[in-house]
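>>> no FASTA, just this:
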């Protein structure tokens with residue numbers, strides 16, 4: 001959304017038992033990559049279950065601007081790709097709106113092309129640091145023609161006449177950085193290597209292999225992953241079924257755990273082990289979450305989740321789990337607000353460079369609704385109130401962040417007093433069906 005758009009507040013009220021079965025939208029990470037890899041591959045890619053949120057559609061528009069043909073039928077999206085190495089120079093800046101994943105991965109994709117590409121975004125995205133992507137691109141020989149202060153958007157890249165492969169050790173746990181380097185390596189002869197000390201979501205590696213890239217992953221004795229990609233592969237279009245997004249499923253899941261009497265089923269949720277940190281944590285807290293009908297869908301593990309109201313207990317979440325649930329900490333903090341005792345979350349420094357400073361935004365939202373918490377540089381401690389007595393009554397500043405907005409609406413479903421978020425508009429970036437889906441389970445939002 002534009003920073004100048006009129007805010008649209010929303011207020012969540014205490015809900016009676018949530019019941020029913022729902023499906024959440026397609027996984028955001030896989031949806032971005034489906035359009036990108038399909039747009040790059042030769043031939044046709046057919047995508048069912050694509051997340052049709054604003055962020056993903058911006059990635060689709062960027063690929064169209066560089067030569068891909070993308071159309072939507074009643075049942076699926078059809079992508080006619082350019083062929084690897086054959087992207088065209090965009091005639092206009094690529095406007096990614098609020099899409100951090102789309103913009104950063106596309107920077108990697110075009111960074112080794114001998115052409116000039118300009119990236120812009122909304123007020124929120126323009127505040128996010130891009131240095132972590134630009135540093136490895138510089139090693140490939142990419143020139144940063146122009147950029148805003150602090151290595152931020154708007155920025156313009158110019159790829160080298162002929163790039164050489166690199167070996168890059170990712171300095172932080174970031175699937176976006178890893179993926180950007182691998183995508184840059186697609187247009188470079190020879191082997192590009194990414195060294196990943198802490199494993200992050202592995203959709204890029206799995207999906208590139210599915211499109212025909214020669215990619216191998218080796219884990220050494222210390223658990224460090226070495227990912228090697230042979231450059232200039234022929235990528236071939238394929239059919240993709242996008243499973244439900246576990247980051248979106250997190251909201252009805254936590255809502256059912258904290259609203260008394262609730263019993264819901266969330267169907268077709270991605271269960272990739274690099275994405276299930278929240279479920280692991282909620283199970284440790286005593287959450288009643290059953291994984292039903294586990295199955296394979298296009299190389300990814302999926303399941304239906306039956307979730308029932310539970311008496312949660314505070315736990316300490318280890319920092320090494322952060323890469324597997326980085327987007328879910330705001331809604332975990334909401335669950336912790338209703339748990340017995342203290343929940344301690346460590347290793348949260350990456351939250352400060354999301355759509356907002358999510359660590360501070362989460363802490364401020366909790367405090368404004370009467371929840372006791374302590375924010376540190378890279379940790380959050382939340383003291384819960386079982387039953388939610390005294391919780392609520394505040395207005396939460398969302399800072400244009402969709403996950404902050406949804407997390408605190410979930411807080412309102414179980415709080416004693418209503419909870420208001422200052423804007424609901426940006427929820428459409430990742431979960432446009434959120435309001436209707438929660439209402440179908442019995443939640444009340446006005």
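Here it is on my side, so go on. Values in this document were obtained by computation on a predicted structure and should not be read as measured data. Numbers count the residues shown, from 1 in each chain.
>>> Could you pull up the contacting residues of the residue nearest to residue 68 when sequence neighbours are not counted?
Distance criterion Cβ to Cβ, 6 or more residues apart in numbering; nearest residue to residue 68, sequence neighbours excluded, is residue 39 at 3.3 Å. Every C-beta, even on glycine, is put in place using the N, C-alpha and C of the backbone. Neighbouring residues of residue 39 by Cβ atoms under 8 Å, 6 or more residues apart in numbering: 60, 63, 64, 66, 67, 68, 70, 79, 81, 82.
>>> mind redoing it with 6 Å?
Counting by Cβ atoms under 6 Å, 6 or more residues apart in numbering, residue 39 touches 63, 68, 79, 81.
>>> taking the residues you listed one by one, which sit in helices?
Within the contacts of residue 39, residues falling in helices by DSSP state H are residue 63.
>>> Helix or strand: which one has residue 398?
Under DSSP states H and E, no helix or strand contains residue 398.
>>> out of the contacts of residue 39, which one sits closest to residue 436?
residue 79 (27.7 Å; Cβ to Cβ).
>>> isn't that closest one right up against residue 70?
Yes: using Cβ atoms under 6 Å, residue 79 is in contact with residue 70, at 5.1 Å.
>>> Give me the more crowded residue out of these two.
Higher neighbour count among residue 79 and residue 70: residue 79, with 28 against 20, using other Cβ atoms under 10 Å.
>>> just so I have it, where are all the helices in the stretch 251-400 of the chain?
Per DSSP state H, counting those that start in this stretch, the stretch 251-400 of the chain carries helices over the ranges 277-284, 329-336, 358-368.
>>> How is this protein partitioned into domains?
Listed domain ranges for the chain are 10-26+243-445, 28-241 (source: automatic domain parsing).
>>> Columns mean pLDDT on top of those, output as TSV?
As requested, the domains of the chain are exported to TSV (pLDDT from 0 to 100):
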stretch	mean pLDDT
domain 10-26+243-445	96
domain 28-241	96
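>>> ok so, going back, my guess is the residue nearest to residue 68 is in a helix, correct?
Yes: under DSSP: H, G, I helix; E, B strand; the rest coil, residue 39 sits within a helix.
>>> Excluding chain neighbours, what is closest to the residue of the chain most remote from its centre?
Most distant from the centre of the chain: residue 161, at 33.1 Å, with distances by Cα atoms, centre = their mean. Counting by Cβ to Cβ, 6+ apart, residue 114 is the residue found nearest to residue 161 once chain neighbours are left out, at 5.4 Å.
>>> hmm, back to that, so the residue farthest from the centre of the chain touches residue 112, yeah?
No: taking Cβ under 6 Å as the definition, residue 161 is not a contact partner of residue 112, at 10.5 Å.
>>> which of the helices of the stretch 251-400 of the chain is buried the deepest?
Greatest average neighbour count among these goes to helix 329-336 (a mean of 28), per mean count of other Cβ atoms under 10 Å.
>>> Show me what that one is packed against.
The contact analysis (3 or more Cβ pairs under 6 Å, 6 or more residues apart in numbering; DSSP states H and E) places helix 329-336 against helix 246-258, helix 358-368, helix 402-414.
>>> Kindly reformat these as JSON lines and extend each row with distance to residue 424.
As requested, these are exported to JSON lines (distance: least, Cβ to Cβ, whole Å):
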{"stretch": "helix 246-258", "distance to residue 424": "13"}
{"stretch": "helix 358-368", "distance to residue 424": "14"}
{"stretch": "helix 402-414", "distance to residue 424": "6"}
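>>> just to revisit the earlier point, let me know the closest of the contacts of residue 39 to residue 133.
Within the set of the contacts of residue 39, residue 63 lies nearest residue 133; the separation is 17.9 Å, counting by Cβ to Cβ.
>>> helix, strand or coil for residue 50?
Residue 50 - assigned by three-state DSSP - is coil.
>>> what sits against the residue found closest to residue 362 once you drop the neighbours it is linked to in the chain?
Of all residues beyond its chain neighbours, the one nearest residue 362 is residue 330 (4.6 Å), with distances taken as Cβ to Cβ, 6+ apart. Neighbouring residues of residue 330 by Cβ under 6 Å, 6+ apart: 358, 362, 403, 404, 407.
>>> The fourth one and residue 97, how far apart?
Residue 404 sits 17 Å away from residue 97, going by Cβ to Cβ, to the nearest Å.
>>> higher neighbour count, the two?
Using other Cβ under 10 Å as the criterion, residue 404 and residue 97 rank with residue 404 on top: 27 against 22.
>>> for stretch 45-57, how far is the first residue from the last?
One end of stretch 45-57 to the other measures 16 Å (Cα to Cα, to the nearest Å).
>>> Of all the residues in that stretch, which ones are buried?
For stretch 45-57, burial by neighbour count (16 or more other Cβ atoms under 10 Å) applies to 45, 46, 47, 49, 50, 51, 52, 53, 54, 55, 56, 57.
>>> Confirm residue 108 sits in a helix?
Yes: judged by three-state DSSP, residue 108 forms part of a helix.
>>> my guess is it contacts residue 182, does it?
No: counting by Cβ under 6 Å, residue 182 is not a contact partner of residue 108; they are 7.3 Å apart.
>>> Which one's more surrounded, those two?
Neighbour comparison, residue 108 and residue 182: the larger count goes to residue 108, with 28 against 24 (by other Cβ under 10 Å).
>>> show me what contacts the more buried one?
Going by Cβ under 6 Å, 6+ apart, residue 108 touches 180, 183, 184.
>>> Check which element follows the host helix or strand of the first one along the chain.
For residue 180, the enclosing helix or strand under DSSP H and E is helix 175-185. Elements were assigned by DSSP H and E; along the chain past helix 175-185, the next helix or strand is strand 191-196.
>>> just to revisit the earlier point, what strand or helix carries the residue nearest to residue 161?
Going by DSSP H and E, residue 114 is not in any helix or strand.
>>> Next: residue 61.
Element membership of residue 61, judged by DSSP H and E, is helix 54-65.
>>> Can you name every helix or strand that that helix contacts?
helix 28-40, helix 100-110.
>>> tell me how far the ends of stretch 82-91 are from each other?
OK, stretch 82-91 end separation, Cα to Cα: 16 Å.
>>> roughly how far is that stretch from the heart of the chain?
Average the C-alpha atoms of stretch 82-91, do the same for its chain, and the two points are 26 Å apart (Cα atoms, centre = their mean, to the nearest Å).
>>> what's the answer for stretch 172-192, then?
Taking the mean of its C-alpha atoms, stretch 172-192 sits 18 Å from the chain's own mean (Cα atoms, centre = their mean).
>>> what does stretch 238-258 give?
Relative to its chain's centre, stretch 238-258 lies at 11 Å (Cα atoms, centre = their mean).
>>> just stretch 250-259 next, same as before
Relative to its chain's centre, stretch 250-259 lies at 19 Å (Cα atoms, centre = their mean).
>>> contact partners of it?
Stretch 250-259 is contacted from outside by 15, 18, 262, 264, 266, 278, 287, 307, 310, 328, 331, 334-335, 338, 406, 410, 413-414, using Cβ under 6 Å, 6+ apart.
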